[in-house]
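**Q** can't give you the sequence, but here's the structure:
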């Protein structure tokens, strides 16, 4: 059975190889091949899942060692896979959502002549992501970690002819690199501390080392997680990443890749459990990001950017949960899965809307779309209800549990974190309602389609009818089916998982669960959540439902303006890092040329001058030569006389 | 001749001091005289003195050879060349190379001091004269050595000498490469160049002397440089007599005027 | 003694050089094919060496030894350890690519006279370099090594000065001037290093009485030959200086950007991927093998220099406007990593450094050759003159991207393995140094991606619009390199198996043990 | 008196000759100075032959003379041809040995 694990990775990898090297002859069929291989991967995952369910809770973990990767004295890195419940969850999520989004892309990228390559990249991403969650040691995980980074780089920059896209791709990769630095330092620390970096040995022998080391490792892992999961302070890339095609935003930047950080933290739970400081930092980062993302999400008019902000904030929830320790891990993953469903659904819905609106992304130019695209409206609405945590839907179950756990952490930080989480819930309700209202309700604020090149997010997937008013239409089946499936997920998944805590039990052997008891009682917390939810929706309705939405964004308060600019994070980066870096490199180039090189050239010049002066002695007059000869002879004789020992 | 003793006799001492002084003076003059001819003559003197010293040292044959070869042949050769280049051409002793003279003097002094100190240091007191070797006749002794011990060196120097002679000829001799121009061609060239159509003026014309170094005088009495050979001009050996010639002319006219005046008075008397 | 295989691997390219040079002017193509065949034959021999080499066996294998200058104890002594084998194979592997990539670089211009034969000279020189590099990887006699270490400057000088990059901003005179400047700079830098090394070599002879690496090392190990501390340190510095110039270590690096910028892309690859490796290789074999104590004494300074090289080279790469100079500075940064790994004195570090030598050769070759193809199409080396190439020449852009990703050592590609080993090995002994070096990862990503973004992405520039995609010959050059990069990234085991024993020997030379992990985890 | 004085004289003459070579510009005089130096050497040789009581010194003096003769012949020939070409016998005019 465990020999199947490699196939999980191999199938999409094969697809990527074939599609990228296959050449034009695959343009016709390539996308179906890619989708098929993704589905194969999901099928294998399902088989393994079934097999796993058949076993007892303890012996469910499977191992497969392919070959010894880097055998160096005292340094053993194997290409080996580990499939336990945690990995299993991710495998199903990734391959499942992945397959759906492949299907969606078939329709979405129909008009793009580079569709084959797009699917190649998607398969590459699937392979890397599966490798990430299946690796049984941190080094192999690192490979997958960078692999998904590469895939996201390629996909964000898929429309490379747009400078904005190319820049966004580069930014994403660089910010992630900073995180990777943390991961590699963490791995090095593990190596020097434990002599290995395989999950088993490291996590089992955590107790034998000092807490300081563990804190260091934990913080480094957190840095890595921040990079990948767009947590403060490394969140700045996620917004720009929306330059990529919408399916990419749905799959990579909502459902799967950005949650890798949560996976890493949960996977390394033992380390964090052993170092409360690191754990607290994790929780704080999560809480901060939670608010940060939510605030940003409120101000954005670009529908994808608004959703990106929401993603940031939801992942903040997960990280917060992961920072709460055993009482939170399971809920972090649970929220991760449900979020995977409804956020992917929301993005696909957004894509469908943009598809219909000539790739217009500005919500102020939507409005009243519910009549024109009912399926999209329905699925998007269900996703919306799920994310705001409408009682009964997925989001409710997972998010509510997280808020409870936050309170349950106890002490002042418990209150603070819990409060933040509640506030976040309210803001979430607010901005999602805003999106909903601006997009599907109210009167039409449609604008004639801009030219392809000036389009804010010119997705050339759809044909442009420059200058015409858009006439929205429902998207083709290939696009609606995935949306419907995901909508089902976002409605029922949460309830299913919470059914006598099946999900928690399922994960318990890996993530060691214990019940958290909020000081004010779970019911009270739930009530508070619902109140917050109603408040958020109410305010949003008052602001955007009652009065008409201006097509041109009002100037807004200071906070709004700051939030539109991602709370000035980019400006900070630009001024401090980019400008500073440019000055540094420029001055260094100068130094290298004038100082380091100048010294050498200077010596050369001085030698030349000296020889030039000596050259004067060669005046060409035989007699002066004769003098020197004569003098030389004299000196020689003198020398000999002296030598003969006077 | 008596075999020379290790130590020199008093007579020899006197001779040495007198002639030695002369030799040194000669040498100094050689390098200090402005004109090459004088240098050559001084050198000749020094060499003769050296010849005498050879004799005094018992190298009779060498002394004679010295006189014959050096003072006779080589110095004469020098003189010939000097004549060729110009006897009286004096080159200024003014130094053109900066610091050359001081360096030279310095080196010279240092070198001399070195040599002398070297000799002084070499403790050469024991002289066993040439008595024994000259017993069988010196020339025979030399001949024996030359033709036995030094025969190869001798042959080689011979070859060297011949080569030198040939080389000298090659260097100085100039083969006429092109046909000599005929009178006609020369005339035509003169016309073409148009510098000096008529033949050059002869020296000494209108001048009192007609020696080759006296330029002819132009009608206005100034000397005609062209009438003197270029070499002489180059050496500045042209004797200018134009001034004197003009005076003579004046005197001539005065004399004639006196005579005419007398004639006038005589005519008045006849009326 | 047996069959002189090692001699043969060096003699074949040497003979090939002579033959190629002798090809008449008209038969230019024949010369090219001859050179290519000879290089392939050399590759076959190198592979044979790798096969005949037993990883578990003696330290130096396939040895040959004959008296050369008996009076001075100079021997013609050859022998390879694992490191040598790896580098010989690398050299023999890269030269065919270099030749194929430079197929048209040395064709005489139409204006040239009929008897002018630059092509023959170009390929002959390349083969000559190969021969000398190989023999200096094989030499176990210090003097013999020195001879070829210096001799390889001559053909390199002519390759740089004689066959410049035709894509040059500025007039031909200007180009020629800069070219000769670069060539002379290259020559002077390396000669100075070489002379200092010569002094050290003579000093070594005075101290040790012979030139045999093995004998001296054994004598030192057995304590029979004891050098005064200062003598050893001076000798070490003499050797190290030469190697630090050759494998450009800050601040002795400034010759590399000029040389690589002015030379044609294949020659640039030859410089950085093959010739410079002799420097790092020699650090590992001679500095550590002959002067262990002094090596340990100098380690702190050298580590700092290496760190500076890493960060400084990367930062300057970011600041470059010329593609080839950018690659050159990137190489400087990478050489910093190699030196770091060597002097970290851990088995991971040194294995990593050795792998790094090989992988850096492959990755730089890939990136530089593709860059060369790009430049030859557009006729300019300035990054600003490109843009949107990805649209018109996707394959070229793809290969370029892979080369770049290898340069930033993406996991899954060969350089990652070596870089991570170096980092871990360094970190194990000097944590701070390791962490600082890790910044190199980010900077590498920066300059590579900036380069890719500015040249390949964005709207298509009209000068670029007509650019043809990779031709078959070029694809044949690049594809194997990429395959190797991926293959060695996924399965580096064959390489590590050859290298590890040699590294163990080196470590035993310097009497260093790997720092034991804090916790002996249940493996 | 001690015949060593001859040697002193020879040294003196030699030095004078050498100085002359360095000081004078006229090639002919230069040659004369060289002759002077040669003669000084001859004097030394003769004195040595007297000192050792054999003729070898004188033989060497012979050879010196012969060589001197040859040298003078060639040298003067050179001077003549020089004078022909550049109408001067000054050695400073031939300063083409400059780099």
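**A** Arrived safely, thanks for sending. From a predicted model like this one, the values you see are computed outputs, not experimental measurements.
**Q** can you map out the strands along the chain?
**A** The chain I'm using is chain A. Along chain A, counting by DSSP state E, strands occupy A:62-72, A:75-83.
**Q** other chain: chain C
**A** Using DSSP E, strands in chain C cover C:61-69, C:74-80.
**Q** So for residue A:351, what's the nearest residue that isn't a sequence neighbour?
**A** Ranked by Cβ to Cβ, 6 or more residues apart in numbering or on different chains and with sequence neighbours excluded, the top spatial neighbour of residue A:351 is residue A:246, at 3.2 Å. Yep, even glycine has a C-beta here, placed from its N, CA and C like the rest.
**Q** neighbours of that neighbour, just the number please.
**A** Residue A:246: 30 surrounding residues under other Cβ atoms under 10 Å in any protein chain shown.
**Q** repeat for the one 4 residues further on
**A** Residue A:250: 33 surrounding residues under other Cβ under 10 Å.
**Q** isn't it right up against residue A:342?
**A** No - assessed by Cβ atoms under 8 Å, residue A:250 is found out of contact with residue A:342, at 11.0 Å.
**Q** so what's the residue in the stretch 1-150 of chain A positioned nearest to chain D bridging to?
**A** Closest to chain D within the stretch 1-150 of chain A is residue A:72: 60.7 Å, counting by Cβ to the nearest Cβ. Applying DSSP bridges to residue A:72 gives these bridge partners: residue A:75.
**Q** and it, what does it touch?
**A** C:347-348, C:351-352, C:421, C:496, C:500 (Cβ atoms under 8 Å, 6 or more residues apart in numbering or on different chains).
**Q** most tightly surrounded among the strands of chain A?
**A** strand A:75-83 (a mean of 22; mean count of other Cβ atoms under 10 Å in any protein chain shown).
**Q** picking up where we left off before, now the strands of chain C as JSON lines including mean pLDDT, mean neighbour count and distance to residue A:377?
**A** Below are the strands of chain C laid out as JSON lines (pLDDT from 0 to 100; neighbours: other Cβ atoms under 10 Å in any protein chain shown; distance: least, Cβ to Cβ, whole Å):
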{"stretch": "strand C:61-69", "mean pLDDT": "86", "mean neighbour count": "16", "distance to residue A:377": "75"}
{"stretch": "strand C:74-80", "mean pLDDT": "89", "mean neighbour count": "23", "distance to residue A:377": "73"}
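**Q** Nearest to chain B, out of these?
**A** Closest to chain B of the strands of chain C, according to Cβ to the nearest Cβ: strand C:61-69, at 39.3 Å.
**Q** how far out from the middle of the chain is the closest one?
**A** Distance, stretch centre to chain centre, for strand C:61-69: 25 Å (Cα atoms, centre = their mean, to the nearest Å).
**Q** and that strand with strand C:74-80, angle?
**A** Relative orientation of strand C:61-69 and strand C:74-80, computed by axes from the mean of the first three to the mean of the last three Cα atoms, to 10 degrees: 170 degrees.
**Q** in the stretch 351-500 of chain C, which spans are helices?
**A** C:389-392, C:394-407, C:414-429, C:431-456, C:462-465, C:472-490, C:493-509 (DSSP state H, counting those that start in this stretch).
**Q** If you count contacts, what does the third one end up packed against?
**A** Based on contacts counted as 3 or more Cβ pairs under 8 Å, 6 or more residues apart in numbering or on different chains; DSSP states H and E, the elements that helix C:414-429 packs against are strand A:62-72, helix A:163-194, helix C:323-344, helix C:347-378, helix C:394-407, helix C:431-456, helix C:472-490.
**Q** Lowest average pLDDT across these?
**A** Of all the helices and strands packed on helix C:414-429, mean pLDDT reaches its minimum on strand A:62-72 (a mean of 86).
**Q** how far off helix C:472-490 does that strand point, in degrees?
**A** 110 degrees.
**Q** How about the contacts made by residue 307?
**A** No chain was given, so I picked chain A. Per Cβ under 8 Å, 6+ apart, neighbours of residue A:307: A:242, A:249, A:254, A:297, A:343, A:346-347, A:350, A:435.
**Q** actually it's chain C I care about, not the one you picked
**A** Residue C:307 touches C:336, C:340, C:433, C:436-437, counting by Cβ under 8 Å, 6+ apart.
**Q** ditto for residue C:21
**A** C:120-121, C:124.
**Q** how much space is there between it and chain B?
**A** Separation of residue C:21 from chain B (Cβ to the nearest Cβ, to the nearest Å): 45 Å.
**Q** Burial check on residue A:25, number of neighbours?
**A** Residue A:25: 9 neighbours (other Cβ under 10 Å).
**Q** Would you check how far apart it and residue C:437 are?
**A** 45 Å (Cβ to Cβ, to the nearest Å).
**Q** Enumerate the residues of chain B near chain C.
**A** Taking Cβ under 8 Å from any Cβ of the partner chain as the test, the list of chain B residues beside chain C is empty.
**Q** tell me what the helix or strand bottoming out on mean pLDDT in chain D is packed against?
**A** Counting by mean pLDDT, DSSP states H and E, chain D has its least confident helix or strand at helix D:56-86, which shows a mean of 87. Under the contact criterion of 3+ Cβ pairs under 8 Å, 6+ apart, helix D:56-86 touches helix B:60-65, helix B:75-85, helix B:138-148, helix B:151-172, helix D:27-52.
**Q** can you give me the helices for chain B?
**A** Ranges of helices in chain B, per DSSP state H, are B:10-32, B:36-56, B:60-65, B:75-85, B:100-121, B:131-134, B:138-148, B:151-172, B:183-193, B:230-235, B:242-270.
**Q** Out of those, flag the one nearest chain A.
**A** Once the helices of chain B are compared by Cβ to the nearest Cβ, helix B:100-121 is nearest, at 4.7 Å.
**Q** average pLDDT for that closest one?
**A** 86.
**Q** And stretch C:229-239, by the same measure?
**A** 89.
**Q** which residues are contacting it?
**A** Contacts for stretch C:229-239 (Cβ under 8 Å, 6+ apart): C:196-197, C:199-201, C:203-204, C:207, C:227, C:282, C:286-287, C:290-291, C:293-295, C:297-298.
**Q** please redo it, this time with the cut-off set to 7 Å
**A** The list of residues contacting stretch C:229-239 from outside it, by Cβ atoms under 7 Å, 6 or more residues apart in numbering or on different chains, reads C:196-197, C:199-200, C:203-204, C:207, C:286-287, C:291, C:293-295, C:297-298.
**Q** Mark which of these are buried, thanks.
**A** Neighbour counting by 16 or more other Cβ atoms under 10 Å in any protein chain shown classes C:196-197, C:200, C:203-204, C:286-287, C:291, C:294-295, C:298 among these as buried.
**Q** Report pLDDT for residue A:545.
**A** 80.
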